[in-house]
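Trainee: give me the fold of what follows.
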Amino acid sequence: MKPERLKTAIVHEWFADYAGSERVVESFTNIWPEADVFTLVDLLTEEERKIVLKSKTPKTSFIQKLPFAKTKHRYYLPLFPFAIERFDFSEYDLIISSSHAVTKGLRKNSNQLHISYCHSPMRYAWDNTELYLNQANISKGLKGFAARSIINYLRKWDLKTASRPDYLIANSKFIAGKIKRIYNRDSDVIYPPVDVDKFEPVLEKEDYYLTASRMVPYKRADLIVEAFSMLGDIKLKVVGQGPELDKIKRKASPNIEILGYKSGKELKVLMQKAKAFVFAAEEDFGITVVEAMACGTPVIALNKGGTAETVVDGITGILFDSQSTDSIKNAAMKFEEKINTFDPLQISNHAKQFSRDIFEKNIKEYVQDKSLNFFNKEKSSN
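Mentor: Numbering: from 1, shown residues only. Coordinates of the predicted model:
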């Protein structure tokens, strides 16, 4: 059976906004426009649905109809495994899932091919569990006991279903390592799509550093602010909103400007004009970092996670070794010493290897190759 004739389903956990995993699904629907789309909950606006799903209405789970699902869908996390297993994919030849929680555990028959693009093993179960519980204020007492019982159940289900996909694709070598460690499975690495063509390089930089992220604990914007508070007159602009914002405002010294939320266009201009972009999170990949480099802006980032794979130390930025104020401060001082050695055009050209066109070419070729092998094997065995 030719890959282009396969009846295809695309499966994604939930559509709540237009973020990194939704950009992957956007590419999937670019490549397979005739595919049906499944999701637990669909909360996209019409404009977002036009971009991500080409205005298609996805097939949703029973969770879509539960009370407060539009605002509190994550509260139904314990039901997600049951919900994903209830979808009927029996009429499809090829199933492509975008997974950071449960979609890799969907049920299929032996004559169906399931390729799962893994953004991360289930974060709630394996990474920063205490951080999530503290952030949700459910780490202690009966709530804490119940939450940990649920997490234990999710871990067991996650491990039990790890063998269900025929192939796993990791969005970075960092995630491939996690997949091997947690699931004991090999995966192939295909970096996610970044719309680098929308971020033109600017050669003349202004006298400020920039950091931008959601203001949540694991992003460690607090460490960046603390570090720059120790750097005297060196200016830092901070973009983002979230539960940590007030805490970060209290830490800011006069050389630090807290800007709060900025639109995509406003953030792009800030990125283009910054002399460096600072990033302290241990990310699966880190799309914002690549966008900054596409602007010709060097990046000061943690030498762990996805940023260790996208930033070339001394060429496209400076990598620091630990999530600490001293490590960030020393990296900024090192950057000041080397500032004239960074070439904005070289940095921008480096970012082009992570483009959407390259991602779609790689994914399409990968799926075609695996489909031909899988269905030829099926045919020969019958």
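
Trainee: shaky segments in this protein?
Mentor: Counting by pLDDT under 70, the chain shows low-confidence ranges at 1-4, 128-139, 144, 378-382.

Trainee: tell me the domain boundaries of it?
Mentor: Here the chain is described, according to automatic domain parsing, as comprising the domains 3-193+355-381, 196-354.

Trainee: and those domains as TSV, adding mean neighbour count?
Mentor: Quick note: C-beta positions are derived from backbone N, CA and C, even for glycine. Listed next are the domains of the chain as TSV, based on neighbours: other CB atoms under 10 Å:
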stretch	mean neighbour count
domain 3-193+355-381	18
domain 196-354	19
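
Trainee: so what's residue 332 up against?
Mentor: By CB atoms under 8 Å, 6 or more residues apart in numbering, the residues touching residue 332 are 209, 227, 228, 231, 234, 276, 278, 300.

Trainee: mind checking which of those residues land in strands?
Mentor: Within the contacts of residue 332, residues falling in strands by DSSP state E are 209, 276, 278, 300.

Trainee: would you reformat the residues you listed as CSV and include distance to residue 339?
Mentor: Conversion of the ones in strands among the contacts of residue 332 to CSV gives the following (distance: CB to CB, whole Å):
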residue, distance to residue 339
209, 11
276, 8
278, 14
300, 11
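
Trainee: all strands for the stretch 251-382 of the chain, in order.
Mentor: For the stretch 251-382 of the chain, strands defined by DSSP state E, counting those that start in this stretch occupy the ranges 256-260, 276-279, 299-302, 317-320.

Trainee: adding distance to residue 149, write those out as a markdown table.
Mentor: Formatted as a markdown table, the strands of the stretch 251-382 of the chain follow (distance: least, CB to CB, whole Å):
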| stretch | distance to residue 149 |
| --- | --- |
| strand 256-260 | 38 |
| strand 276-279 | 35 |
| strand 299-302 | 33 |
| strand 317-320 | 38 |
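
Trainee: residue 377: which of those strands is closest?
Mentor: Minimum separation from residue 377 across these (CB to CB) falls at strand 299-302, 42.5 Å.

Trainee: distance between stretch 184-203 and the chain's centre?
Mentor: Mean C-alpha position of stretch 184-203 versus that of the full chain (CA atoms, centre = their mean, to the nearest Å) differs by 10 Å.

Trainee: got the end-to-end distance for stretch 185-193?
Mentor: Start to finish, the residues bounding stretch 185-193 are 24 Å apart (CA to CA, to the nearest Å).

Trainee: start the count at 3 instead of 1 going forward.
Mentor: Okay, using 3 as the starting number, the last item reads as stretch 187-195.

Trainee: any idea which of the contacts of residue 334 is closest to residue 108?
Mentor: Distance from residue 108 was checked for each of those by CB to CB. The minimum falls on residue 280, at 39.0 Å.
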